[in-house]
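1. make a model of this:
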Amino acid sequence: MSLNDHAYNETRLRVRYAETDQMGVVYHSNHLIWFEVGRVELMRQMGFSYRDMEQQDGRFIAVAEVKCRYRAPVYYDEEIAVRTRLKSVRESVVIFAYELVRPESGTLLAEGETTHIVTDSNMKIAALPAKYLTAFRAAMGK
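-> Down below sits the predicted model:
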């Protein structure tokens with residue numbers, strides 16, 4: 001992921017004990033939670049919150065597909081960086097890409113992608129309101 005990308009965020013987290021299995025290795029589903037943390041922080045960085053999108057504009061970005069490739073184990077009390085990038089945006093589809101890395105070594109721990117369908121409060125496909133579509137496109141340099 002390019003650090004020069006306008007549609008990019010890096011958030012650091014420390015692995016909690018509750019996120020690990022008996023061997024002290026992070027349980028696989030936590031990677032998806034960390035993807036969400038990165039996604040929410042990226043949107044905040046772009047000038048809006050996902051909560052406001054839901055509450056004020058009645059728009060939701062429902063996860064339609066998740067991909068995650070696990071590259072190396074992650075351990076209790078490790079600091080990790082969640083690198084999130086806006087990959088693509090259309091009126092009713094938003095795609096984010098992720099990397100989980102060890103900041104000190106740059107070791108790639110996992111990489112993934114989520115595809116989101118924009119819906120209204122009745123879970124019907126809807127277009128993003130112009131202010132969000134504009135923010136997403138501006139972040140991508142379009």
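2. name the element the closest residue in space to Y70 that isn't next to it in sequence belongs to?
-> The shortest distance from Y70 to any residue other than its chain neighbours is 5.1 Å, reached at A110 (CB to CB, 6 or more residues apart in numbering). For every residue, glycine as well, the C-beta is placed using N, CA and C. Element membership for A110 (DSSP states H and E) is strand 108-119.
3. which outside residues touch that strand?
-> 31-32, 35, 39, 59-74, 80, 87, 91-102, 125-128 (CB atoms under 8 Å, 6 or more residues apart in numbering).
4. are any of those residues buried, and which?
-> Buried members of these, scored by 16 or more other CB atoms under 10 Å, are 31, 35, 39, 59-61, 68, 74, 80, 87, 92, 94-102, 126, 128.
5. give me the subset of those lying in strands.
-> 60-61, 68, 80, 87, 94-101 (DSSP state E).
6. out of those residues, which comes closest to S121?
-> Set against S121, the nearest of those by CB to CB is F60 (7.3 Å).
7. could I get the full set of helices for the protein?
-> Using DSSP state H, the helices of the chain run over 30-45, 50-57, 130-139.
8. mean pLDDT and distance to T119 added to those, as CSV?
-> Converted to CSV, the helices of the chain look like this (pLDDT from 0 to 100; distance: least, CB to CB, whole Å):
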stretch, mean pLDDT, distance to T119
helix 30-45, 97, 16
helix 50-57, 94, 10
helix 130-139, 93, 13
